[in-house]
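In: Here is a sequence together with a model predicted from it:
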Amino acid sequence: IVCAFQVLLMGKSGSGKTSMRSIIFANYIARDTRRLGATIDVEHSHVRFLGNLVLNLWDCGGQDTFMENYFTSQRDNIFRNVEVLIYVFDVESRELEKDMHYYQSCLEAILQNSPDAKVFCLVHKMDLVQEDQRDLIFKEREEDLRRLSRPLACTCFRTSIWDETLYKAWSSIVYQLIPNVQQLETNLRNFAQIIEADEVLLFERATFLVISHYQCKEQRDAHRFEKISNIIKQFKLSCSKLAASFQSMEVRNSNFAAFIDVFTSNTYVMVIMSDPSIPSAATLINIRNARKHFEKLERVDGPKHSLHMRMR
Amino acid sequence: MRIKSMMGMPTRIECIFFSEFHPTLGPKITYQVPEEYISRELFDTVQVYIITKPELQNKLITVTAMGKKLIGCPVCIEHKKYSRNALLFNLGLVCDARTNTCSLEPIVKKLSGYLTTLELHIGSIHMLVGSNSVLFFLNYESNTIHLKLIQLRKDPPIVQEYDVPVFTQCKDHFIKSQWDLTTQQILPYIDGFRHIQKISAEADVELNLVRIAVQNLLYYGVVTLVSIFQYSNVYCTTPKVQSLIDDKSIQEECLNYVTKQGQKRASLRDVFQLYCGLSPGTTVRDLCSRYSQQLQRVDERRLIQFGLMKCLIRRLQKYPVKVIRDERSRPPRLYTGCHSYDEICCKTGITYQELDERLENDPNIVVCWK
């Protein structure tokens, strides 16, 4: 039994919806998205995630004619049974009023048809904003959006296809949809404590989005997760360009050792060890032994927990 | 843009439109003639088949909605010079929903190919204008596109080797060079008296090719078919012969056609008497001996030809049937009552006289006239 989520991806024409979708789910690198054409009407994609989760992604072309149709003749079809609305704003847009008008029309339709939907706003193309301005501009936008979205709540992210912020946003969105995430985290904690790891990350295998993590102490860089997603995903794609498939990686210096390896059939794991006395081999054996347990978790808990979710 | 049609149109085009994908507005109608013909509502209903997803691009698409039929061919030209990396447009025609639009399909395809070629080759104009050059072309007054509308007709009957093609109008009216090589080769042999087999032999063109060429001419109404002329033929009148009396134009045409070369025009009285003289049992030979006076100014061959072309008379053919036969012998191939003397003679090479002699003296065979 599989959980399916209807995810609406909307926003003005050219705001970057298809580019984002292509990078996260279709193995595009940022540069390749330049070749993409305009989305005609709605493009549906069926993304399998973590084995038991399906995202029905509705990438909706943002040209005026299409938008008007979504709010009128296609209203029920588009806005009913939506679990997630991801609305993309081009930070450079010169038509802020028009953008907000469309956004609010969307929220209206959501309120009428899927009032329980989670709303995420991505303030996109942040790379085009001067670096020292980014925080300020994002904060302003976030405030406006929060205000305009009432009574609905929205979660805002600043994103760009050229850095890790894209992964942060999509990870956070997807994280909220994973059926057994608490269980995963509990088990990950146990595993980390047993092997005496500093930190353990769990990635979804195809997208490399971080779906779960454990850390035993504070770390310097709060953005390290998405950075790692970004780096490893790029590396994985580079490998496949050479007809090689990425399997595992070990990085070590005098302070730490990091192991990235295939974990279950749907995940990768990253283990950070700061105790230099523990040999690699031991950690690798531990990872191998943990695999079976987590594999079982994936298979068993999926169906059980999905009973709590709406079925498609 | 002016479109000239060269042949009469039973298919009426009510509107021509040019639709394109605008990078921020989306699919829209940039031009339509007459203006405002396609309503906002209609376009919203069908736009997904006008400016389409990749799977439907570069294919002829006809969509019917709200009492109208829209025939178009959505074109996509990919290039990074265009905003959103592609130019999407569709030049289409609108007709009433009940119209048979088959004849318009090649036109739409041709137009879309034409505009595509223009866009690809005048790409520089596009860059100068800053929008697409297709629009620029349409604004360019001295451009005219000539189109030929292919009329839809019924399938012609199969042409047999014993059929005789005859021109429905004066041969000289048709420009030879417009026809294919086979047709050009056989044209001099179409005289209203030579049958297909003879044309094939004399023009030295393979029989099937002659049949197809004549069938083509038949389809376009350039020729009609009559039967082989022989003095032994028997004809009878049809009810349509009355039109000779009633219809002045047929009268005129007839008298002009049947008058002997170099003679004063034949009289209607004589011609009508001659046609009425044709009856079952009367051969053309008989007619000639009985009506020699009326035939002074009338060419009997052309008389018969005209009568057949206009269906004033019809031929009575002989069909042999083998009625008594041996249980041991094979079933008859040609003597089934379905094959005329004309056909048998053509297929076997025997002359009419020989066949007649053979069959009249055969007690097992009965000849039907029909």
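Out: Nice, I can see it.

In: From here on, just use CA atoms for contacts and neighbour counts.
Out: Will do.

In: can you tell me if the helix or strand hosting A:Asn77 touches chain B.
Out: In the assignment (DSSP states H and E), A:Asn77 maps to helix A:75-79. No - contact of helix A:75-79 with chain B (CA under 8 Å from any CA of the partner chain) is absent, the minimum separation being 14.0 Å.

In: Can I get that helix in PDB, CA atoms only?
Out: The C-alpha coordinates for helix A:75-79 follow below in PDB (Å, rounded to 0.1, in the frame of the first residue of the first chain):
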ATOM      1  CA  ARG A  75     -10.900  25.000 -10.800                       C
ATOM      2  CA  ASP A  76     -12.200  21.800  -9.300                       C
ATOM      3  CA  ASN A  77      -9.900  19.600 -11.200                       C
ATOM      4  CA  ILE A  78      -6.700  21.500 -10.100                       C
ATOM      5  CA  PHE A  79      -7.500  22.500  -6.500                       C
END
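
In: ok, the helix or strand just after it near chain B or not?
Out: Next helix or strand after helix A:75-79 toward the C-terminus (DSSP H and E): strand A:84-90. No - for strand A:84-90 and chain B, the contact criterion (CA under 8 Å from any CA) is not met; the two come no nearer than 13.5 Å.

In: Show residues contacting the helix or strand following strand A:84-90.
Out: Where DSSP H and E defines the elements, the next helix or strand beyond strand A:84-90 is helix A:96-113. The contact list for helix A:96-113 (CA atoms under 8 Å, 6 or more residues apart in numbering or on different chains) reads A:11-12, A:67, A:71, A:75-76, A:79-82, A:87, A:89, A:117, A:148-149, A:152.

In: go again using 7 Å as the cut-off
Out: Residues lying outside helix A:96-113 but in contact with it, judged by CA atoms under 7 Å, 6 or more residues apart in numbering or on different chains, are A:Lys12, A:Phe79, A:Arg80.

In: TSV for these, including neighbour count?
Out: As requested, the contacts of helix A:96-113 are exported to TSV (neighbours: other CA atoms under 10 Å in any protein chain shown):
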residue	neighbour count
A:Lys12	24
A:Phe79	25
A:Arg80	17
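
In: how far does stretch A:242-259 sit from the chain's center?
Out: What separates the centre of stretch A:242-259 from the centre of its chain is 23 Å, taken as CA atoms, centre = their mean, to the nearest Å.

In: average pLDDT for that stretch?
Out: In this model, stretch A:242-259 has an average pLDDT of 88.

In: residues in contact with that stretch?
Out: The set of residues external to stretch A:242-259 that reach it, using CA under 7 Å, 6+ apart, is A:Lys236, A:Cys239, A:Ile260, A:Asp261, A:Val262, A:Met270, A:Val271, A:Ile272, A:Met273, A:Ser274, A:Asp275, A:Pro276.

In: May I ask which two of those residues are separated the most?
Out: The most widely separated members of the contacts of stretch A:242-259, counting by CA to CA, are A:Cys239 and A:Asp275 (30.4 Å).

In: check contacts around B:Asn85.
Out: Contact partners of B:Asn85, counting by CA under 7 Å, 6+ apart, are A:Arg35, A:Leu36, A:Gly37, B:Glu78, B:His79.

In: filter the contacts of stretch A:242-259 to the buried ones?
Out: A:Lys236, A:Ile260, A:Asp261, A:Val262, A:Met270, A:Val271, A:Ile272, A:Met273, A:Ser274 (16 or more other CA atoms under 10 Å in any protein chain shown).

In: possible to save these as JSON lines with secondary structure and distance to chain B?
Out: Rendered in JSON lines, the data for the buried ones among the contacts of stretch A:242-259 read as follows (DSSP: H, G, I helix; E, B strand; the rest coil; distance: CA to the nearest CA, whole Å):
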{"residue": "A:Lys236", "secondary structure": "helix", "distance to chain B": "28"}
{"residue": "A:Ile260", "secondary structure": "strand", "distance to chain B": "38"}
{"residue": "A:Asp261", "secondary structure": "strand", "distance to chain B": "39"}
{"residue": "A:Val262", "secondary structure": "strand", "distance to chain B": "37"}
{"residue": "A:Met270", "secondary structure": "strand", "distance to chain B": "39"}
{"residue": "A:Val271", "secondary structure": "strand", "distance to chain B": "42"}
{"residue": "A:Ile272", "secondary structure": "strand", "distance to chain B": "43"}
{"residue": "A:Met273", "secondary structure": "strand", "distance to chain B": "47"}
{"residue": "A:Ser274", "secondary structure": "coil", "distance to chain B": "49"}
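
In: Would you map the strands across the stretch 201-312 of chain A?
Out: Under the criterion DSSP state E, counting those that start in this stretch, strands of the stretch 201-312 of chain A are mapped to A:210-215, A:248-252, A:257-262, A:267-273.

In: Highest mean neighbour count across these, which stretch is it?
Out: For those, average neighbour numbers computed from mean count of other CA atoms under 10 Å in any protein chain shown are highest in strand A:267-273, which has a mean of 23.

In: helices and strands around that one, which ones?
Out: In terms of contacts (3 or more CA pairs under 7 Å, 6 or more residues apart in numbering or on different chains; DSSP states H and E), strand A:267-273 is packed against strand A:199-204, strand A:257-262.

In: how near is B:Tyr31 to B:Phe89?
Out: Distance from B:Tyr31 to B:Phe89, counting by CA to CA, to the nearest Å: 11 Å.

In: And A:Asp221, by the same measure?
Out: 50 Å.

In: Tell me which of those two has more neighbours.
Out: Neighbour count, other CA atoms under 10 Å in any protein chain shown: between A:Asp221 and B:Phe89, B:Phe89 has more, with 30 against 8.

In: On the pLDDT front, check the more buried one for me.
Out: Note for B:Phe89: predicted pLDDT of 92.

In: Same question for B:Ile125.
Out: Reading off the per-residue confidence, B:Ile125 sits at a pLDDT of 29.

In: what's the neighbour count on the closest residue to B:Arg302 other than its chain neighbours?
Out: Distances taken as CA to CA, 6 or more residues apart in numbering or on different chains place B:Val258 nearest to B:Arg302, at 5.2 Å, with adjacent residues excluded. Using other CA under 10 Å, B:Val258 has 22 neighbouring residues.

In: and the gap between the residue lying farthest from the centre of chain A and chain B?
Out: Most distant residue from the mean C-alpha position of chain A: A:Ser277, 35.6 Å away (CA atoms, centre = their mean). As judged by CA to the nearest CA, to the nearest Å, A:Ser277 and chain B stand 56 Å apart.

In: which stretches of the stretch 101-250 of chain B have low pLDDT?
Out: Counting by pLDDT under 70, the stretch 101-250 of chain B shows low-confidence ranges at B:121-156, B:173-175.

In: The same query, at a cut-off of 50, please.
Out: Screening the stretch 101-250 of chain B residue by residue with the criterion pLDDT under 50, one finds the ranges B:123-142, B:145-152.

In: which residues in it form helices?
Out: B:105-121, B:123-129, B:133-139, B:181-186, B:196-203, B:207-219, B:243-246, B:248-258 (DSSP state H, counting those that start in this stretch).

In: picking that back up, quick one: closest of the helices and strands packed on strand A:267-273 to B:Val164.
Out: strand A:199-204 (80.5 Å).

In: Just the terminal-to-terminal distance for stretch B:38-56.
Out: One end of stretch B:38-56 to the other measures 22 Å (CA to CA).

In: list the buried ones in the helix or strand A:Leu145 falls within?
Out: Taking DSSP H and E as the definition, one finds A:Leu145 inside helix A:134-149. Across helix A:134-149, burial judged by 16+ other CA under 10 Å covers A:Ile137, A:Phe138, A:Arg141, A:Glu142, A:Leu145, A:Arg146, A:Leu148, A:Ser149.

In: Report the angle between that helix and strand A:84-90.
Out: 130 degrees (axes from the mean of the first three to the mean of the last three CA atoms, to 10 degrees).
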